[in-house]
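Peer 1: Whatever this is, show me its structure:
(chains A and B)
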Amino acid sequence: MKLEMRIPVSILRQARDDLVRQHPFAFERVGFIFARHASSSGQVLILANRYEAVPDEDYVPDESVGARIGAAIIRRMLQTVLNRQEGIFHVHMHDHPGTPGFGLVDKRELAQLIPPFCAVASKEHHGAVLLSRDRVICRAWSQGAAPIGVTRVSSVGYPLETCCQETISMNPAERFSRQSFLGAESTQRIASAQLAIVGVGGGGSHVVQQLGHVGFTNLRLFDAQRVEDSNLNRLVGATEEDVTANRLKVDVAARLLLGLNREAQPQKIPSRWQEAADALRECEIVIGCVDGFSERNELEAFARRHLMPYVDIGLDVHQVEGEPPQMAGQVVLSMPGYPCMKCMGILSEANLAREMARYGVAGPRPQVVWANGVLGSLAVGVVVDLVTGWSSNLPLPLYLSFDANQGTVVPHVRLRFIRDRVCPHYSPENVGAPRFTPL
Amino acid sequence: MRDSMDPIEELKKLFGIVLRSEESGKTYFLIPQLAMPDGCTPARTDVLLCPSERDGYPSRLFFAERVACKGTPNWTTVVRILERTWHAFSWRVPQTDLRPAQLVLAHLKGLR
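Peer 2: Model prediction:
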């Protein structure tokens, strides 16, 4: 069973800001991160939802350790965990750059501190998070047994950072020499990132192709549809023979990827993503190339619940009688903790109602290869920046508006009004498996 | 039902176990194994009430599975909410001032 922890950058920032403060007598500070979990057949996700500092008065003088906290705060935390049935992680910081390591004292003390929490909330994982200035590692306990190695700890935000204990297959360095400006670790980071592309048709095929060129190898491709003749005006990589053979779109996408890199490991999921939710949950980033508002709504809800950045592309053509067609689209990065697509006005009750009036079927929408290409390229640019942090300046929230008639891409005007807004639709409380409160 | 009854108490009194949850800014009420109208198959199934506007409807009732009945409901929606797949038929309950229990009963009329 793989164990992965995801922590929003906002929580890590809050923790670091708190932990670097000097205490009147303790050598260091400690705090607590609370979390909820989501399980799939082969993986448990631990999803952090808040940080709580330890007040000054709860420290106890003890020169044998960096910081010792008193029984009162531990009792309060036990009560909180019991009441809320959440996981709890003791947090402290080693004030240096690079990957930190738990010392012998840490391991000894944590082995005493954590098991009582396992007793009061036995369905959750508990443990310890250790921060350095730029890295995070974690140890977890479940049901009081010996600590379990956490395979991957991700900080969810910009850039998306991961401390990974898995072996990473490396891309050949020479091939990517022209993109070395992305950063010293970018080739490794790109090779290890696990991405989901939902919909590998007109827009998604551009995304798959470009991600392959950049060096992404771990792509999960979700699409139940087969290649039809009407797809050939825009489906990158598809041929007339694919139509004749009634080939799946995921087969075409995987072939495209493997043609660029024989070491790539595309995973084909030829079904609706809703029927393969476990496979989607395990990915770090979701790229949605879907038709319709209802499906976007479901995908964003899923991504928010599992602390996954969601990159959305969409294109539409409007025509008013007597006027030329107007082709427009958008690229959105819906980042946990930031305004969502409802806040941005993309997913409104009016849009969802209009779609539902057609009985939920998005229907054949006008699609053309060049406009899909623009949106696909923009989405790949967002993903590469998210993973490598190369520009150090990815704006959040991100909502790019594409006017295909004018050939312009600009930040959407609505961003001016929502930039500092707290999203009212997705509370940090609602991460992980849904909670149902008996009335 | 008395109009003065607390809406939550009314839900519990009529349907027994009722659970509340939230997703994307909306509140949902889950009623496990609700008895369907006479003649329906299955006779019981889980339902999820969204008492506020959703998908262009003033309120919606989702079913854990499609229910066969004497009538011919127009099952139009398959949707993932709160990590489960739900089904709904096209049925508009225009009143927006009904209590949750009244909404459930009004939506079930679509199966008759």
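
Peer 1: Spell out for me which residue occupies the centre of the chain.
Peer 2: Just so you know, I chose chain A. Centroid-nearest residue in chain A: A:M308, 2.2 Å away (criterion: Cα atoms, centre = their mean).

Peer 1: Chain B is the one I meant
Peer 2: Short answer for chain B (Cα atoms, centre = their mean): B:L61, at 3.0 Å.

Peer 1: okay, it: pLDDT?
Peer 2: Note for B:L61: predicted pLDDT of 97.

Peer 1: In three-state terms, label it for me.
Peer 2: Using DSSP: H, G, I helix; E, B strand; the rest coil, the structure places B:L61 in strand.

Peer 1: so it bridges to which residues?
Peer 2: When bridges are called by DSSP bridges, B:L61 pairs up with B:L49.

Peer 1: Could I get the phi/psi values of A:Y59?
Peer 2: When read as degrees, to the nearest 10, the backbone of A:Y59 gives phi -90, psi 150.

Peer 1: give me the number of residues near the closest residue to B:M5 other than its chain neighbours?
Peer 2: Nearest non-adjacent residue to B:M5, counting by Cβ to Cβ, 6 or more residues apart in numbering or on different chains: B:K13, 7.7 Å away. In this view, the C-beta of every residue, glycine as well, is placed from N, C-alpha and C. For B:K13, the neighbour count with other Cβ atoms under 10 Å in any protein chain shown is 13.

Peer 1: pretty sure B:K13 is in a strand, no?
Peer 2: No - counting by three-state DSSP, B:K13 falls outside a strand, being helix.

Peer 1: Quick one: residues contacting residue 92.
Peer 2: Using chain A. Counting by Cβ atoms under 8 Å, 6 or more residues apart in numbering or on different chains, A:H92 touches A:19, A:28-31, A:66-67, A:106, A:128, A:130-131.

Peer 1: I was after chain B.
Peer 2: B:57-58.

Peer 1: And it, how far from A:E298?
Peer 2: Distance, B:R92 to A:E298, by Cβ to Cβ, to the nearest Å: 22 Å.

Peer 1: Distance check, whatever residue of chain B ends up closest to chain A against B:R92.
Peer 2: Nearest to chain A in chain B, going by Cβ to the nearest Cβ, is B:G56, at a distance of 2.5 Å. B:G56 sits 9 Å away from B:R92, going by Cβ to Cβ.

Peer 1: Okay, now the unreliable bits of the chain?
Peer 2: Because you didn't say which chain, this covers chain A. Where chain A drops to pLDDT under 70, the residues are A:144-145, A:164-172, A:359-364.

Peer 1: ah, I was thinking of chain B
Peer 2: Chain B contains residues with pLDDT under 70 at B:1-4.

Peer 1: Show me which residues of it sit near chain A.
Peer 2: Residues of chain B lying close to chain A (Cβ under 8 Å from any Cβ of the partner chain) are B:8, B:11-12, B:17-25, B:29-30, B:53-57, B:74, B:76-83, B:85, B:90.

Peer 1: Which residues does the helix or strand harbouring A:L258 contact?
Peer 2: Assessed by DSSP states H and E, A:L258 sits inside helix A:249-260. Residues from elsewhere that reach helix A:249-260 (Cβ under 8 Å, 6+ apart): A:197, A:200-201, A:204-205, A:208-209, A:211-213, A:217, A:219, A:221-223, A:225-227, A:231, A:235-238, A:242, A:264, A:266, A:268-270.

Peer 1: Mind doing that once more with 6 Å?
Peer 2: Contact with helix A:249-260 is made by A:200-201, A:208-209, A:212, A:221, A:223, A:225, A:227, A:237-238, A:242, A:264, A:266, A:268, A:270, as judged by Cβ atoms under 6 Å, 6 or more residues apart in numbering or on different chains.

Peer 1: of those, buried ones?
Peer 2: Among the contacts of helix A:249-260, those buried by neighbour count (16 or more other Cβ atoms under 10 Å in any protein chain shown) are A:200-201, A:208-209, A:212, A:221, A:223, A:227, A:237-238, A:242, A:264, A:266, A:268.

Peer 1: got those as a markdown table, with secondary structure columns?
Peer 2: As requested, the buried ones among the contacts of helix A:249-260 are exported to a markdown table (three-state DSSP):
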| residue | secondary structure |
| --- | --- |
| A:V200 | coil |
| A:G201 | coil |
| A:V208 | helix |
| A:Q209 | helix |
| A:G212 | helix |
| A:L221 | strand |
| A:D223 | coil |
| A:V227 | coil |
| A:G237 | coil |
| A:A238 | coil |
| A:D242 | helix |
| A:A264 | coil |
| A:P266 | coil |
| A:K268 | strand |
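
Peer 1: Share the number of residues neighbouring the nearest residue to A:W390 once chain neighbours are set aside, please.
Peer 2: Closest residue to A:W390 in three dimensions, ignoring its sequence neighbours and counting by Cβ to Cβ, 6+ apart: A:L182, at 4.4 Å. Residues near A:L182, counting by other Cβ under 10 Å, number 20.

Peer 1: what's the helix or strand for B:E9?
Peer 2: helix B:7-15.

Peer 1: Oh, that last question was meant for A:H425, not what I typed.
Peer 2: A:H425 belongs to no helix or strand, assigned by DSSP H and E.

Peer 1: where's it relative to A:E174, distance?
Peer 2: 46 Å.

Peer 1: OK, contacts around A:G87?
Peer 2: By Cβ under 6 Å, 6+ apart, the residues touching A:G87 are A:35, A:124-126.

Peer 1: Going by distance to A:G98, which of those residues wins?
Peer 2: Closest approach between the contacts of A:G87 and A:G98, by Cβ to Cβ: A:A35, at 24.5 Å.

Peer 1: and that closest one, which of the three is it?
Peer 2: Classified using three-state DSSP, A:A35 is strand.

Peer 1: Need the contact partners of stretch A:192-203.
Peer 2: So stretch A:192-203 is contacted by A:168, A:204, A:207-208, A:218-223, A:234, A:249-250, A:253, A:273, A:280, A:283-290, A:313, A:367, A:372, A:375-376, A:387 (Cβ under 6 Å, 6+ apart).

Peer 1: Filter those residues down to just the ones in strands.
Peer 2: If you go by DSSP state E, these have A:218-222, A:285-288, A:313 in strands.

Peer 1: Just the helices from chain B, written as ranges.
Peer 2: Using DSSP state H, the helices of chain B run over residues B:7-15, B:100-108.

Peer 1: helices or strands up against the last one?
Peer 2: Translated: helix B:100-108. helix B:7-15 (3 or more Cβ pairs under 6 Å, 6 or more residues apart in numbering or on different chains; DSSP states H and E).

Peer 1: Tell me which residues of the top strand by length along chain B come out buried.
Peer 2: If you go by DSSP E, chain B has its longest strand at strand B:26-35. With burial defined by 16+ other Cβ under 10 Å, the residues of strand B:26-35 counted as buried are B:26, B:28-31, B:34.

Peer 1: swap in stretch B:93-101?
Peer 2: Going by 16+ other Cβ under 10 Å, stretch B:93-101 has these buried residues: B:93, B:98-101.
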